[in-house]
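> I would like to see how this sequence folds:
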Amino acid sequence: MSFTAKDVQALREKTGVGMMDCKKALTESDGDMDKAIDFLREKGLAAASKKAGRIAAEGVVASYYDEKVRKAAIVEVNSETDFVAKNEVFKTFAGEIAKTIVDTMPADVDDLLNKKLSGSDRTVLENLQDKILSIGENIKIRRFTVYDGIVSMYIHTGGTVGVLVGFETDAAVAASDNFKAMGKDIAMQVSAMNPLYLDRNSVPADVIEHEKTILMTQIQEDEKMRSKPEKVLEGIVAGKLGKYFKEFCLLEQQFIKDNELNVEQYIANTAKKLGAEIKVTRFIRYEKGEGLQKRENDLAAEVAGMVH
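Prediction:
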């Protein structure tokens, strides 16, 4: 079966693969479009395995919230370069994965890979392999978190940071514009200030003891302070510990939009305005690539690799 330049172009549009690879696929499959797609997908499997060892520490954080079923998901999808992470096809794919998580509720990333991608008749893994083939980089789904209930979301600067915040309130309040604006503000607070805990009661006892030990050591190393009575020193430590809570506990942090308030007071003011109770129950913050080894480009090694 013969094929034309239009067939090559059509195959490229369907797969996103380069012209030469499309031409080769049509040649190998005697011009049969479906067989050519299978050929490229099979090649994609090989390409994926070759790229699997390459560092993917760039990427995006995406989220999705289904208000009808009250389920939200946040997911980190990694690429090798920031250039690819900014690609609209890549970002759309990450969003589709977030929706798939809400729609299918997978147990973990391995389970997710075997689910049908939302809006597709093929699995997440098959679509992922296609993206690796067409984009030419290693792509990995690193992690995801699902929240049930009333949730506010925020994605910062093209997916560099993503946040989910869980709330307890009634449905009518959650549907109001005032609540949605407040929820976004809280999610933005988490994104910007990176709190470690919800409130001081959420801080583990061993963390508090560790901080107390450090603070007491700092005080005792100060000649002017070490001679003070033990109770005075303990009071100083308690005061400094209060500053720790204000820095790392969300509800005690200074509200970024109004320095006269802390976050807890801002929420209370909104609740009073709406005539309802509003409680933050939890939050999760993803920063793309956090904790991953970054790719280091060695131009000499890259050139040498191309020569050999």
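> wouldn't L251 be in contact with D199 here?
Yes: counting by CB atoms under 8 Å, D199 is a contact partner of L251 at 4.6 Å. To be clear about C-beta, it is placed using only N, CA and C from the backbone, and glycine gets the same treatment.
> How far does the helix or strand hosting R143 sit from its chain's centre?
Assigned by DSSP states H and E, R143 belongs to strand 140-148. Centroid displacement of strand 140-148 relative to its chain, using CA atoms, centre = their mean, to the nearest Å, is 8 Å.
> Stretch 257-273 too?
27 Å.
> Just the buried positions in that stretch, please.
Residues 262-264, 266-267, 270-271 are the ones in stretch 257-273 that count as buried (16 or more other CB atoms under 10 Å).
> Can you tell me which of those is closest to M225?
Closest approach to M225 among the buried residues of stretch 257-273 (CB to CB): N262, at 28.5 Å.
> how about that closest one, what does it touch?
By CB atoms under 8 Å, 6 or more residues apart in numbering, the contact list for N262 reads 246, 251-255.
> Including secondary structure, pLDDT and neighbour count, could the residues you listed go into a markdown table?
Formatted as a markdown table, these follow (DSSP: H, G, I helix; E, B strand; the rest coil; pLDDT from 0 to 100; neighbours: other CB atoms under 10 Å):
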| residue | secondary structure | pLDDT | neighbour count |
| --- | --- | --- | --- |
| K246 | helix | 95 | 14 |
| L251 | helix | 98 | 23 |
| E252 | helix | 97 | 21 |
| Q253 | coil | 98 | 20 |
| Q254 | strand | 97 | 15 |
| F255 | coil | 98 | 19 |
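> which of those residues lies closest to V163?
Nearest to V163 among the contacts of N262, with distances taken as CB to CB, is Q253, at 13.8 Å.
> From G289, how far out is that closest one?
Going from Q253 to G289 by CB to CB, to the nearest Å gives 24 Å.
> Would you indicate which residues of the helix or strand encompassing A94 are buried?
Element membership for A94, per DSSP H and E: helix 88-104. Residues of helix 88-104 classed as buried: 90-91, 93-103 (neighbour count, 16+ other CB under 10 Å).
> hmm, who's touching it?
Against helix 88-104 from outside (CB under 8 Å, 6+ apart): 16, 59-66, 69, 71-75, 77, 79, 84-85, 112, 115-120, 124, 127, 131, 134-135, 139, 141, 144, 146, 158-159.
> before we move on, back to that, please identify every residue contacting each of L251 and D199.
Joint contacts of L251 and D199 (CB under 8 Å, 6+ apart) are E264.
> Surely L241 and L215 touch.
Yes: with contact defined as CB under 8 Å, L241 reaches L215; the gap is 6.7 Å.
> neighbour count winner among the two?
Between L241 and L215, L215 has the larger neighbour count (other CB atoms under 10 Å), namely 19 against 16.
> and that one, that one's in a helix?
Yes: counting by DSSP: H, G, I helix; E, B strand; the rest coil, L215 is part of a helix.
> residue contacts, it?
236-237, 240-241.
> For the stretch 101-250 of the chain, which segments are assigned as strands?
140-148, 150-156, 161-168 (DSSP state E, counting those that start in this stretch).
> Let's have the ones you listed in TSV, adding mean neighbour count.
Shown next, in TSV, are the strands of the stretch 101-250 of the chain (neighbours: other CB atoms under 10 Å):
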stretch	mean neighbour count
strand 140-148	19
strand 150-156	22
strand 161-168	22
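> Save those strands as a markdown table, and put in mean pLDDT and distance to D32 too.
Shown next, in a markdown table, are those (pLDDT from 0 to 100; distance: least, CB to CB, whole Å):
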| stretch | mean pLDDT | distance to D32 |
| --- | --- | --- |
| strand 140-148 | 96 | 32 |
| strand 150-156 | 97 | 42 |
| strand 161-168 | 98 | 42 |
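> can you redo those strands as TSV with distance to R226?
Listed next are these as TSV, based on distance: least, CB to CB, whole Å:
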stretch	distance to R226
strand 140-148	46
strand 150-156	45
strand 161-168	42
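> What is the nearest of the contacts of L215 to K6?
Among the contacts of L215, and counting by CB to CB, the member closest to K6 is L241, at 71.4 Å.
> Setting aside sequence neighbours, what's the nearest residue to that closest one?
Nearest residue to L241, sequence neighbours excluded (CB to CB, 6 or more residues apart in numbering): E211, at 6.1 Å.
> distance of that neighbour from L274?
E211 is 36 Å from L274, by CB to CB.
> Kindly report the same for A85.
For A85, the distance to L274 - CB to CB - is 38 Å.
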